[in-house]
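K.L.:
generate coordinates for the sequence data below:
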Amino acid sequence: MNTPEQVVQRQLDAYNAHDLDAWLDTYAADAQQFEHPATLLASGHAEIRVRAMSRFAEPNLHAQLLKRVVLGDMVIDHESVTRSFPEGPGRMDLIGIYQVRAGKIVTASFVFGARVLDAV
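P.N.:
Got it, this is the predicted structure:
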């Protein structure tokens with residue numbers, strides 16, 4: 001079985017490859033995503049897929065891992081994420097807090113930084 005760190009790394013690799021199915025496969029069927037601390041964004045594969053579909057279609061989508069902390073079944077990533085926002089292309093810092101059990105992400109909580117748009 002993969003360690004929690006390996007599961008989260010597979011999730012990040014699939015995200016950067018724009019491979020929605022491989023990315024979703026790192027999540028448990030009943031996983032939940034939150035805006036930290038407790039605002040539910042999506043619950044279960046179907047909702048998580050719908051939430052991610054448009055993002056995975058963005059041609060510039062990429063998450064750069066800046067720092068990772070692992071403690072037991074918890075993995076905390078600090079990332080710089082490049083995206084196509086409605087206002088235009090840019091980036092934002094993000095903290096992802098993942099709990100992994102039995103080789104799958106069961107909860108993911110996100111802290112979203114400010115959007116910084118690319119200069120025109």
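K.L.:
now do the strands in this structure.
P.N.:
Counting by DSSP state E, the chain forms strands over residues 27-35, 39-43, 62-71, 74-85, 88-101, 104-112, 116-117, given from the N-terminal end onward.
K.L.:
which elements pack onto the shortest one?
P.N.:
Applying 3 or more Cβ pairs under 8 Å, 6 or more residues apart in numbering; DSSP states H and E, one finds that strand 116-117 contacts strand 88-101. Just so you know, the C-beta spots here come from the backbone N, C-alpha and C atoms, and that holds for glycine as well.
K.L.:
buried ones in the strand it packs on, by neighbour count?
P.N.:
90-100 (16 or more other Cβ atoms under 10 Å).
K.L.:
on that earlier part again, make TSV out of the strands of the chain and add mean pLDDT and distance to residue 9.
P.N.:
Supplementary listing: the strands of the chain in TSV, determined by pLDDT from 0 to 100; distance: least, Cβ to Cβ, whole Å:
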stretch	mean pLDDT	distance to residue 9
strand 27-35	98	14
strand 39-43	98	21
strand 62-71	98	8
strand 74-85	97	9
strand 88-101	97	11
strand 104-112	98	12
strand 116-117	96	26
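K.L.:
who wins for proximity to residue 10 among these?
P.N.:
Shortest separation from residue 10 across these is recorded for strand 104-112, at 9.7 Å, computed as Cβ to Cβ.
K.L.:
and of the strands of the chain, who's closest to residue 17?
P.N.:
With Cβ to Cβ, the closest approach to residue 17 among these belongs to strand 62-71: 10.0 Å.
K.L.:
who's in contact with the closest one?
P.N.:
Strand 62-71 is touched from outside by 4-5, 8, 12, 15-16, 75-82, 93-94, with contacts defined as Cβ atoms under 8 Å, 6 or more residues apart in numbering.
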